[in-house]
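Visitor: Structure of the sequence below:
(chains A, B and C)
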Amino acid sequence: MKNPLKTIRETKPLIHHITNGVTIYDCANMTRAFGALPVMAHAPEECADMTGISSALVLNIGTLTSEIIDSMIISAVAANKKKIPVILDAVGVGATKFRDDMAEKILNSVHIDIIKGNYSEIAKLAGENAETKGVEATSIDADPEKVAKELAKSKSSIVVMTGKEDIISDGKKTYIVKNGHEQMGSIVGTGCMAASVIGLFASVNSNYFDASKDALCYFGVAGELAAAKSNGPGSFKVNLYDEVFNLSDEKVENMMNVEEK
Amino acid sequence: MKNPLKTIRETKPLIHHITNGVTIYDCANMTRAFGALPVMAHAPEECADMTGISSALVLNIGTLTSEIIDSMIISAVAANKKKIPVILDAVGVGATKFRDDMAEKILNSVHIDIIKGNYSEIAKLAGENAETKGVEATSIDADPEKVAKELAKSKSSIVVMTGKEDIISDGKKTYIVKNGHEQMGSIVGTGCMAASVIGLFASVNSNYFDASKDALCYFGVAGELAAAKSNGPGSFKVNLYDEVFNLSDEKVENMMNVEEK
Amino acid sequence: MKNPLKTIRETKPLIHHITNGVTIYDCANMTRAFGALPVMAHAPEECADMTGISSALVLNIGTLTSEIIDSMIISAVAANKKKIPVILDAVGVGATKFRDDMAEKILNSVHIDIIKGNYSEIAKLAGENAETKGVEATSIDADPEKVAKELAKSKSSIVVMTGKEDIISDGKKTYIVKNGHEQMGSIVGTGCMAASVIGLFASVNSNYFDASKDALCYFGVAGELAAAKSNGPGSFKVNLYDEVFNLSDEKVENMMNVEEK
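Guide: Now for the predicted structure:
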């Protein structure tokens, strides 16, 4: 679609998150910096109602409990019914059996429109042999593009695999997103924020494959601009927010770095 | 009262929060930047004891659960008994029935000295027809000043209604606070922080009507000063903390912008 | 040991935290800024598994519940078995009976390798008459060095007592660390971050007495460097992260300020 950022800023979609306790503030604040409205609500008594007034649902299992997983499923059922996009950030899958099991439980209970994770998280979800060091990817044996494609096919989902290069697959086509900067890995939370950004781009574009690509390009461009003026992770984070806030569709268009396969 | 900020910095009141998981850090850190001491404690086994050594209790239902509401009520009972101010930030009332019900439960169980919310949250509490978009205000039909006054009267509370202009009512008189800057809305959490700031001004001034006005003026002035030197929400937040830390009673006195009705 | 920071950056130890909801992000992000990998996981179903792939376990009771304490004990049992260091930050001990009881429960259930707290928290744990104002130390009657020594002896632990000067005892010898800057107290969370930093230095150095000393010196030096260029708590925090990221073993060696007794 044309001018997704302008659309987000004009329509101010409400993005419902059920997320982790570490980066919950940054997921909310990054949503706000892009011009959308975040809401975080996980109580089982209200989470479906909150999803019901929202334009996307972002799930992140970074600090999961079994109760939180139940709330995620309640909300995702509501989102599936309302036909708004559901994004799952599979944080830490491959690190413990509990995470593997809970991610499976979600994927078997509801439809996830966009499955996001790092290389080893996605590989593990795809049934490959993979281990995650806490929430950090380790190298995988399988070919990442193939892994993304297979998981996308088997789940009828868009798969977003983040790393030095981001791989996005709809089961047939692949985007390789080369925007972004290594300084984004120097702070905690850019992965989680990326899932939020995907959520808000998907909330205004029913082509989730393209929306995911746009999201990572826009966020990556802001990261590149911020890195150029930073002295470390403290100033980088400040600049990242300023750059996101000052992005425009025109600015990103000139800096997009994507390969389509 | 004269020199409220000086008083806060000299007496370092302890401000007990039971608050949401999104802005909990900023509520604590803003309390610290003003010179007071924050403590966050929500376990039912200790929350009354923690209130018992504190000078104000700040409740915020942003990421409520039914268990957290129970702890809030336990602590508010202790606060009422000790006669320290209780502030309720009614985040998201008007968005889901659960939030409406839980806010009512609190208001029917204990005395809230200062009820704070945005325009639609307060309107909903006052029994008006109002909807909140997640935690964001939507426009209301009723006259905001009248709504604040009615709620203040019916609950024998100070009502603080935040928005482009902040309305404070004690049921008879009204303050319109015009300090603040739109950049405060560009980051998540300034509303929550404002409730903390009200808590700490009320902890040193038993005239809660005036304390609420002072709190919003001081915080608003810091926001104005920060906005003047910021390039976006990242640098704005950094500057907001620096400006709060460097405030003085004299500096604010010259910049206060309040109408009394 | 020589070049602990270099070792951390080369080996990237995984540091498992079960911590409080206020500073959880900063504990993770400071761990990252030093070059290690943080993971936060508290579900009873997975916490032992997560400890099992980690190199240190950091426990912080700042926003404790009885369920969280149970998870801490489960993880600490796994850590004791794996012989990786367990750090307990006894936040708020001396403020409520519940905190005193829960800290005792942990200390009676598992071995804590490094017990950290401010002056009144440690004094309370040592059986002295002491009160903590929320999470802020109050002055204690007893001699702090003696208190640290006695607790270290009775628990066979390293005791780290933070304040204007930090006292570290192994029950026989004492380090007095004089690095650091008062601006570190102007923001919330530096105490919690210090526990994380101790965890990551202990993960690469089995001499926990020296590791604790190194941790406080390195973190303190970064605080001194950051304070020199800051205008308040907002910019101080940004600079603190940048300075940590840009530390080197050589830089700290020249600025270490420690007395050994």
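Visitor: how about the residues of chain A that lie near chain B?
Guide: Within chain A, the positions adjacent to chain B are A:12, A:14, A:16, A:21, A:24-25, A:28-29, A:32-33, A:37-43, A:45-46, A:49-50, A:53-54, A:237-246 by Cβ under 8 Å from any Cβ of the partner chain. For glycine as for every other residue, the C-beta is placed from the backbone atoms N, C-alpha and C.
Visitor: List phi and psi for the closest residue to chain C within the stretch 1-150 of chain A.
Guide: Nearest residue of the stretch 1-150 of chain A to chain C, counting by Cβ to the nearest Cβ: residue A:134, 3.1 Å away. Main-chain torsions, residue A:134, degrees, to the nearest 10: phi 70, psi -110.
Visitor: what's the burial count for it?
Guide: Using other Cβ atoms under 10 Å in any protein chain shown, residue A:134 is surrounded by 20 other residues.
Visitor: any idea how far it is from residue A:162?
Guide: For residue A:134, the distance to residue A:162 (Cβ to Cβ, to the nearest Å) stands at 16 Å.
Visitor: what do you get for residue A:138?
Guide: Per Cβ to Cβ, residue A:138 is found 14 Å from residue A:162.
Visitor: related to what we said a few turns ago, so the residue of the stretch 1-150 of chain A closest to chain C makes contact with residue C:52?
Guide: No: assessed by Cβ atoms under 8 Å, residue A:134 is found out of contact with residue C:52, at 11.5 Å.
Visitor: Angles on the backbone of residue A:35, please.
Guide: Torsion angles, degrees, to the nearest 10, at residue A:35: phi 110, psi 0.
Visitor: Oh, that last question was meant for residue A:86, not what I typed.
Guide: phi -110, psi 130.
Visitor: any idea where the strands of the stretch 151-261 of chain A begin and end?
Guide: Using DSSP state E, counting those that start in this stretch, the strands found in the stretch 151-261 of chain A span residues A:158-162, A:166-169, A:174-177, A:258-260.
Visitor: who's in contact with the shortest one?
Guide: Outside of strand A:258-260, the residues that reach it under the criterion Cβ atoms under 8 Å, 6 or more residues apart in numbering or on different chains are A:173-179, A:213, A:217.
Visitor: Which neighbouring elements make contact with the one helix or strand residue A:7 maps to?
Guide: Per DSSP states H and E, residue A:7 falls inside helix A:4-11. Applying 3 or more Cβ pairs under 8 Å, 6 or more residues apart in numbering or on different chains; DSSP states H and E, we find helix A:4-11 packed against helix A:190-202, helix A:208-227, helix A:249-253.
Visitor: and among those helices, the most buried is which?
Guide: Mean neighbours per residue, mean count of other Cβ atoms under 10 Å in any protein chain shown, is largest over the helices and strands packed on helix A:4-11 for helix A:190-202, with a mean of 28.
Visitor: which other helices and strands contact that one?
Guide: helix A:4-11, strand A:14-18, helix A:24-33, strand A:56-60, strand A:86-89, strand A:114-118, strand A:158-162, helix A:208-227.
Visitor: Measure how it sits relative to strand A:158-162, angle-wise.
Guide: 150 degrees (axes from the mean of the first three to the mean of the last three Cα atoms, to 10 degrees).
Visitor: any idea how far helix A:190-202 is from the chain center?
Guide: 4 Å (Cα atoms, centre = their mean, to the nearest Å).
Visitor: got the angle between it and strand A:56-60?
Guide: 160 degrees.
Visitor: Settle it for me: which of residue A:138 and residue A:162 has more neighbours?
Guide: residue A:162 (25 against 14).
Visitor: how close does that one get to residue A:91?
Guide: 11 Å.
Visitor: shared neighbours of these two, anything?
Guide: By Cβ under 8 Å, 6+ apart, the residues touching both residue A:162 and residue A:91 are A:117, A:191.
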